[in-house]
Structure formats: structure tokens, C-alpha cells
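K.L.:
how does the following fold in three dimensions:
(chains A, B and C)
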Amino acid sequence: MTVPSIHPTAIVDGAATLGSNVTIGPYTIIHKNVSIGDGTRIGSHCEIGYPASNPAHGGILAIGKNSHIRSHSVFYEGSSFGENLVTGHRVTVREQTLAGQNFQVGTLSDVQGHCTIGDFTKLHSNVHIGQESRIGNCVWIFPYVVLTNDPHPPSELRMGVVVEDFAAIATMSVILPGVTVGRGALIAAHSSVSRDVAPDSVVAGSPAKYVCDANAIKMKDGTGAPAYPWRRHFHRGYPSDWVVQWIHEFHGRD
Amino acid sequence: MTVPSIHPTAIVDGAATLGSNVTIGPYTIIHKNVSIGDGTRIGSHCEIGYPASNPAHGGILAIGKNSHIRSHSVFYEGSSFGENLVTGHRVTVREQTLAGQNFQVGTLSDVQGHCTIGDFTKLHSNVHIGQESRIGNCVWIFPYVVLTNDPHPPSELRMGVVVEDFAAIATMSVILPGVTVGRGALIAAHSSVSRDVAPDSVVAGSPAKYVCDANAIKMKDGTGAPAYPWRRHFHRGYPSDWVVQWIHEFHGRD
Amino acid sequence: MTVPSIHPTAIVDGAATLGSNVTIGPYTIIHKNVSIGDGTRIGSHCEIGYPASNPAHGGILAIGKNSHIRSHSVFYEGSSFGENLVTGHRVTVREQTLAGQNFQVGTLSDVQGHCTIGDFTKLHSNVHIGQESRIGNCVWIFPYVVLTNDPHPPSELRMGVVVEDFAAIATMSVILPGVTVGRGALIAAHSSVSRDVAPDSVVAGSPAKYVCDANAIKMKDGTGAPAYPWRRHFHRGYPSDWVVQWIHEFHGRD
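P.N.:
Got it, this is the predicted structure:
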């Protein structure tokens, strides 16, 4: 076992648990309720394990092995992340966020907690995930998207958004409270989605309306092949056995 | 009087005025023109009292007692806040912001200064308040809302937005320069508001148009009671005498 | 030559090159691949010269003289900026960003790298510049604007946006992949732009449509003079010989 590499300016609570080969950057604060897996790197100016306002929502913050949290990020206690978490800069993730493996969160994104997120899901920059959201596996959410939860703000009601596996939500779209975005659906940029979106369909506009089935969108790479389901052609970063299966699913008879 | 609790890594100018029981977190900088009320907590990595570009807009930054400024926030000199200010992380508040008591500012929100804000007004995450905005009491502004001010950008004209008491502006809406959002009005999510909005009315769309009176929106909690004015049902965090009055106003004959 | 003024808490790699009169704020990190011009000020809590994920995109980060980078900003290695760069707080600028002189980047803006930016171009707060963007001179981009690049996300294709000289893109607009915004064009607030925009024209809406020629918009200052091209009336911060030329161009016969 290799001892952690903690920058001398970092402040690490003695009660925190750090795996082997963990790296902690300058000016970063690690609170007590934190467990960091082997090989994980935490950048500079972060605060990890920030106390939850409500202690009942606190507890251990578990960060999986081989993760990378970039600078100026804040993670609250009381959440868990599988291995290979990767973040941009200045990410905020609040308590009671339960995420799977290979979760990516871009710069400035704000996960408000009390939500579940599957495996291999990716939030680009500046995404806002409201409380009570339930996000599946292999979901893509692009910059300036907001998942809301309050049906008549302000109120005490919370109706979280559901985003099913393989869905993609393009830039600057709002998903209204209680909406389900179906498996493999595509929300076009700058949309406001007030109704459930059928699997493998495309909606656009404000309020968003059905445009076409997702597989009617063609690649702009000159092939004219269907651009969706995106796992037909986009494989970077996924497990090789999944990719093999996807190739077989879509190209087995080619 | 209890002496302030200043983390040894914090940098506090000797000319700053700190009340009793003030807490200053690690790696935080407090400049000279700062007066912090009793019982206020400032988190880590903040810079408080940042010099205004124009010294004529500088002067004291006064932060009321029992406030809580979370990590990575930047407050400029030359502003004032009543007691019980609460912020999220990475808030920016520039010079000449005059806010009342119990002001809340969510993570990443950016108050550009030269504006007034009443009591018990709440900005959620990632709200942008342009210069010359005038915001009343008990206003709610939700994520990714922008209050603009330049009628034909770029120009030297500034026509600030006015938001009256009890109004609510939902996620991802833009309020165009010089617009007044009337008392108790509701701006639906993802709207662009180019005309004044009548009190207690609802507008939606881009450009936003009248939808209905606010009290025509029903609670989704199973009661079907009117959801607006929201002070009919939402009371968390307001003074008890206000809440008693609101209950009497709306439910006195129930 | 005056020696740099480096705060004792800053961490400056010995291999970094700092010009005369450079100022480095508290808790700021300067990596090795950095060259900072004379008279440049770097605020607190920054990280400058952050390593690129792909070393092939790394190399020197060159920041021109008399620049001012405000607190909590992150600049990656492998980019260059002319003199008089000015940033707000918490700016992120990634590798392979090539910007001219007098570039301004507002608070929270996120320049994703692999892009070119001309002289005297200004990004207001919270602007997102996707990779492969090409932005001309004297461009204005207002808060919460996103320049996208992926025509059917997620994919490996990148079709960057082109923004020509003197164009202005108002708040909360999305420019879709591959679109060219013509010289002097104006994109109204809260628009989604899917087609090329002709020079000196105005588009609005989602999807954005032609509204009028830009010079049909009148100043709201009481004169009723054309508000566009904005260089008719807005001169603050531009070189005096340019301003003289602009005055001659538009007012020579007055």
C-alpha cells in the first residue's frame, strides 16, 4: 500500500478514511465523514464532506476508487459514488446523492442531492439536478439543463424528474416537475418539457412537442446512418463488452 | 462577548470589524472595509470586501448578524445586508447591493450590484441579477433566471427590472429591460418577458403572454386549493406574525 | 524591472515565467508551463496552467501584459491571450484557446478550449463557448449564452459555431452547431439559432427567425437614432483611432 499524497496546505480530518495512492491537492479541506477509494485524486481548493444542514441526511460520503474531483468542488457528506467518478471544476454535489460508477459531472454543475443516478451517466457543464430526480444509466445531460421538482413554486411538494437509460437532454432545456423522459429519448436544445416523453422519440420547443422518432435523425458525418440510438456509433468511455453488444445489436447483420 | 473564531489560514485585515461569535473559515480573505455582525459564519475560500473597480462605489460592506456565507463566495465592498443573510457556494455579490433581512442567495448566483432587494427574498441557484434591478419583499427567483438591463446591447443605457412583492419567477426565464413583474405574479419556466406583468397573473412563453390569473392554478397535493398567492400554503422561514396574518387573510372564513 | 509581488501563500512553480510588476494573490497556484506578461494581476484562489488531459494539447499558457484575472479562476496550459485580458471570478478557460488582445470574460464563463477569439471581444457572465468555436473581433456575448458544437449529441462530430465581427448575442440564447452569426448581427434574448444569420440582421425566437434589419432598432435614449451597428454609439473601451473611424463612418455628415 502506498500512503496518500496530501499537499502540506490541505486540511484533512484525522477521522477521514483515505485509500492507497489517494492524492489531495493544495488548500483542499477533507472533513471527517469521508471515505475515499484507492487511487482517487482530489484537486485544489475543494471542500469534501461538507456538513449537511440536516444531520439526519448526513453520514458517510463515499467516493469510489480511481475517481478524479477537480478544483474548487464541494461535496456534502451523506452521498455515495461508485468508482471512476470524474468531475470538472466547481462542482457542487449535496447530501443524499446516490450515484453509480463512472459518473461524470461537468464544471459548475450543481446536484442538489436527494437523488439517484445510474452508471456511466454524464452531466456536461452547468447542469442543475433538482432534488428527487431519478436518472438512469448511460444518460447524457448537456449544458444549462435544469431538472425541476416543484409543481407550483414555491411549495413543499416535490415531484422529481425521471430520466431513463440512454436518454439525451440537449442544451438549455428545462424538464418540468414529475416528467418522465423515456429510454433513448432526445430532448432538443432550448426546450421546455411539460409532458412525459415516449422512449426513442424526439421532442422540441417550449412547450416541447413530438418531432419524430429518434432514429429518423441522420448522422451528419456523410454516412446518413441513423444518429440514434446514439450507442449505434458513440462508444468512447463505455465497457468493451457493452460496446461489443451494441455493435452486435445494430450492426450484426451489416 | 466571545472573540471571533478565525481559522489560522484565514487572512483578516486588521481594519475589518468582526462581531462576537463570528466564524471565519479556512483560506478566506476579509478585506478592510468590512463589518460583520454577531454570530455570522463565513465559510472557506471566500473573499469578502473585494475592492470595487470604481472607488466611488466602494465603502463599507455591512453583513448583518447571524448570517451564513458558504464557501468560495465573493462579496464586494460597498454593499449592505440585513441580518440572517444566507448564501450557497460560489456566490458573487458586487458593490452597491442594498438588501434587507433574511436574504437568501443560492449557489453560483451572481448579483451584479447597483440594485435593491427587500426582506425575505430568495434567489435559488445560478440566478443573475443585472444592475439597476429593484426587487421587493418575499420574492422568489428560481434557477437560471436572468434579470437584464440593457435595451439594445451593448449600450450605456440601463433600464432595470422591477420585481414586486411576492412575485415568483420560475426556472430559465429572462426578464427584459425595464419590465415590471407585478405583485404576486408568476412567470412560468422558460419564458422571455418583454412587457409588464399584471399583479397576481401568470405569463408563459417566449415572448411571454397572459395565461390565467394566478389563483386559477390548483395545488397538486390532492386538495385542489389555489396554489397562489403562495403565501396561502407556503410558510417555512417567514416570521410567525406574518404567517398568522396570511392564514387569517386566506383561511379566516374556512 | 520590478520583481513580481507574490503573496506568501501562493504556490508558484520555479519554471513559470513572470514579467515585471506581476501580482499573484493568496492561495493561487501557478504551474510550470506559464508565461505571464508585465503588469498582470492574478487574484486569489486561482489555478493557472492546469495540465491538459491530453499532453499533445498542452504547452505554454501565455497571458499578455497588463491583464487581470480575478479570483477562483482556472486556466489550462496550452492557450494564449493578448494583452489586457480581463476576467471576472471563477472563469474556466481550457487548453488550445487562442484569444487576441483586450479579451474580456465574465464571472463563471466557461471557455471549453480548441477555439479562436479575436481582439476586443467580450463575454459577459456565465457564457459557455463550446470547442471549435471561431469568434471574431468586437463580438459581444451576453449571460447564459451557449455556443454548441455537436450536431446529434452525443457524437464524435464537432461543428463549431462562427461568430463574425461586431455581432451581439443576447442573454440565454443557444447557437446550434455549425451556425454562422454574421457580422454585426443581433440575436435577441432567449433564442435558439439553427440557421446562419445574415450580417446586420436581427433574429429572435426558438427556432430563431428573421425579425428586421439591425439598423431598424431605435435607441431608447430619446434620440430614436439607430441602435445598430452598436459602434455608432457605444465606444467605451475601444482604441481611440477605431472610435474616431466609427464616428466618421456613421456621423461624418451630421
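K.L.:
nearest spatial neighbour of residue A:54, chain-adjacent residues omitted?
P.N.:
Using C-beta to C-beta, 6 or more residues apart in numbering or on different chains and skipping the chain neighbours, the partner closest in space to residue A:54 is residue A:95 (7.9 Å). Using the backbone N, CA and C atoms, a C-beta is placed for each residue, glycine as well.
K.L.:
look up how far residue B:52 lies from the one you found.
P.N.:
36 Å (C-beta to C-beta, to the nearest Å).
K.L.:
when those two are compared, which one has more neighbours?
P.N.:
Neighbour count, other C-beta atoms under 10 Å in any protein chain shown: between residue A:95 and residue B:52, residue A:95 has more, with 23 against 20.
K.L.:
thinking the more buried one is in contact with residue A:114, fair?
P.N.:
Yes. Using C-beta atoms under 8 Å, residue A:95 is in contact with residue A:114, at 7.5 Å.
K.L.:
near chain C, which residues of the stretch 1-150 of chain A?
P.N.:
Residues of the stretch 1-150 of chain A lying close to chain C (C-beta under 8 Å from any C-beta of the partner chain) are A:9, A:26-27, A:43-45, A:71-72, A:88-90, A:107-108, A:122, A:125-126, A:140, A:142-144.
K.L.:
hmm, 7 Å instead?
P.N.:
Contact residues, the stretch 1-150 of chain A versus chain C (C-beta under 7 Å from any C-beta of the partner chain): A:26-27, A:44-45, A:71-72, A:89-90, A:107-108, A:125-126, A:140, A:142-144.
K.L.:
just those: which are in strands?
P.N.:
residue A:140 (DSSP state E).
K.L.:
nearest to residue A:216, of the residues of the stretch 1-150 of chain A next to chain C?
P.N.:
For the residues of the stretch 1-150 of chain A next to chain C, the closest approach to residue A:216 (C-beta to C-beta) belongs to residue A:140, at 18.9 Å.
K.L.:
now that we have the residues of the stretch 1-150 of chain A next to chain C, which of them are buried?
P.N.:
Among the residues of the stretch 1-150 of chain A next to chain C, those buried by neighbour count (16 or more other C-beta atoms under 10 Å in any protein chain shown) are A:26-27, A:44-45, A:71-72, A:89-90, A:107-108, A:125-126, A:140, A:142-144.
K.L.:
can you narrow the residues of the stretch 1-150 of chain A next to chain C to ones near chain B?
P.N.:
Contacts with chain B within the residues of the stretch 1-150 of chain A next to chain C, counted by C-beta under 7 Å from any C-beta: A:27, A:45, A:72, A:90, A:108, A:144.
K.L.:
low-confidence regions, the stretch 151-254 of chain A specifically.
P.N.:
Within the stretch 151-254 of chain A, the ranges that satisfy pLDDT under 70 run A:253-254.
K.L.:
give me every residue in it lying close to chain B.
P.N.:
Close to chain B, as judged by C-beta under 7 Å from any C-beta, the stretch 151-254 of chain A has residues A:151, A:152, A:153, A:154, A:155, A:156, A:157, A:174, A:176, A:192, A:206.
K.L.:
of these, list those near chain C.
P.N.:
residue A:206.
K.L.:
pick out the most distant pair among the residues of the stretch 151-254 of chain A next to chain B.
P.N.:
A:156 and A:206 (26.9 Å).
K.L.:
who has more neighbours, those two?
P.N.:
More crowded of residue A:156 and residue A:206, by other C-beta under 10 Å: residue A:206, with 25 against 10.
K.L.:
re the thing from before, turn the ones next to chain B among the residues of the stretch 1-150 of chain A next to chain C into CSV, including pLDDT.
P.N.:
As requested, these are arranged in CSV below (pLDDT from 0 to 100):
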residue, pLDDT
A:27, 98
A:45, 98
A:72, 98
A:90, 98
A:108, 98
A:144, 98
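K.L.:
for stretch A:128-138, the distance to its chain's centre please.
P.N.:
Averaging C-alpha positions (C-alpha atoms, centre = their mean, to the nearest Å) puts stretch A:128-138 7 Å from its chain's average.
K.L.:
does that stretch reach chain B?
P.N.:
Yes. For stretch A:128-138 and chain B, the contact criterion (C-beta under 7 Å from any C-beta) is met by residue A:128.
K.L.:
just the buried residues of that stretch, please?
P.N.:
For stretch A:128-138, using 16+ other C-beta under 10 Å, the buried residues are A:128, A:129, A:130, A:131, A:132, A:133, A:135, A:136, A:137, A:138.
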